[in-house]
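Trainee: okay, sequence plus prediction incoming.
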Amino acid sequence: MPRTRNSIGKSRSTAKTAFALICLYLSISGGTADAASPYRLDWRTDGAIVAATLATGAAATAVSGNGHLSPTEVRELSRSSVNWLDRSATYRYSTTSDKASSALVGVCSLAPLLLSVTPKMRHDWQVVGVMYLETWFLANWAPDISKGTIDRVRPYLYNPEAPLDEKVEDSSARRS
């Protein structure tokens, strides 16, 4: 019996799901060998990473500036000045989505703590903790440099449905 396009798509989807589950199992199980930890702190390497991270944080703070817009500046914003690719984002305003997005960022930031449930990770908590902090700070500060150097108003500020007081009080109004 020949395979139809629909059955091929389903078998590929099933294969992808099975592959993902196998990868997840292998990453969680960590194998059965009691090998030494692959993680090590090297003060030359980690010292350089910490120094680069602190420099990134200092640069992000230095370029952050004042992100507030005055009520007059908010009223003068025009959707027609937004490039065609980003213009559709100016029509979307949702406090629910904003709260959900913030909650998701918090959950994702804390998700690596789930690694502490394994005895191996609890044993390496100092090394893994340093690696986590290095990564977290770099991942949060590096984008702030571009957000601080590129003067771009957040799309929701162009939306008349968003309350004016919220637009004026937003300290990150210029950080899109």
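Mentor: The structure has been received and is ready for your questions.
Trainee: now do the buried residues in stretch 122-132.
Mentor: Across stretch 122-132, burial judged by 16 or more other Cβ atoms under 10 Å covers 124, 127-128, 131. (C-beta placed from N, C-alpha, C; glycine too.)
Trainee: repeat for stretch 148-158
Mentor: So, applying 16+ other Cβ under 10 Å, buried residues of stretch 148-158: 148, 153-158.
Trainee: quick check: mean pLDDT across that stretch?
Mentor: Taken as a whole, stretch 148-158 has an average pLDDT of 84.
Trainee: for it, C-alpha coordinates in PDB please.
Mentor: C-alpha atoms of stretch 148-158 as PDB (Å, rounded to 0.1, in the frame of the first residue of the first chain):
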ATOM      1  CA  GLY A 148      20.400  51.900  25.200                       C
ATOM      2  CA  THR A 149      22.300  52.900  22.100                       C
ATOM      3  CA  ILE A 150      19.500  52.600  19.500                       C
ATOM      4  CA  ASP A 151      16.800  55.200  20.000                       C
ATOM      5  CA  ARG A 152      13.700  53.300  19.100                       C
ATOM      6  CA  VAL A 153      10.300  53.800  20.800                       C
ATOM      7  CA  ARG A 154       8.400  50.800  21.900                       C
ATOM      8  CA  PRO A 155       5.600  49.800  19.500                       C
ATOM      9  CA  TYR A 156       2.800  50.000  22.100                       C
ATOM     10  CA  LEU A 157       3.400  53.700  22.600                       C
ATOM     11  CA  TYR A 158       1.900  54.300  19.100                       C
END
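Trainee: how far away from the center of its chain is that stretch?
Mentor: Centroid displacement of stretch 148-158 relative to its chain, using Cα atoms, centre = their mean, to the nearest Å, is 18 Å.
Trainee: contact partners of it?
Mentor: Where contact means Cβ atoms under 8 Å, 6 or more residues apart in numbering, the residues beyond stretch 148-158 that reach it are 60, 62-65, 69, 74, 77-79, 82, 86, 89-90, 92-93, 162, 167, 170, 172-176.
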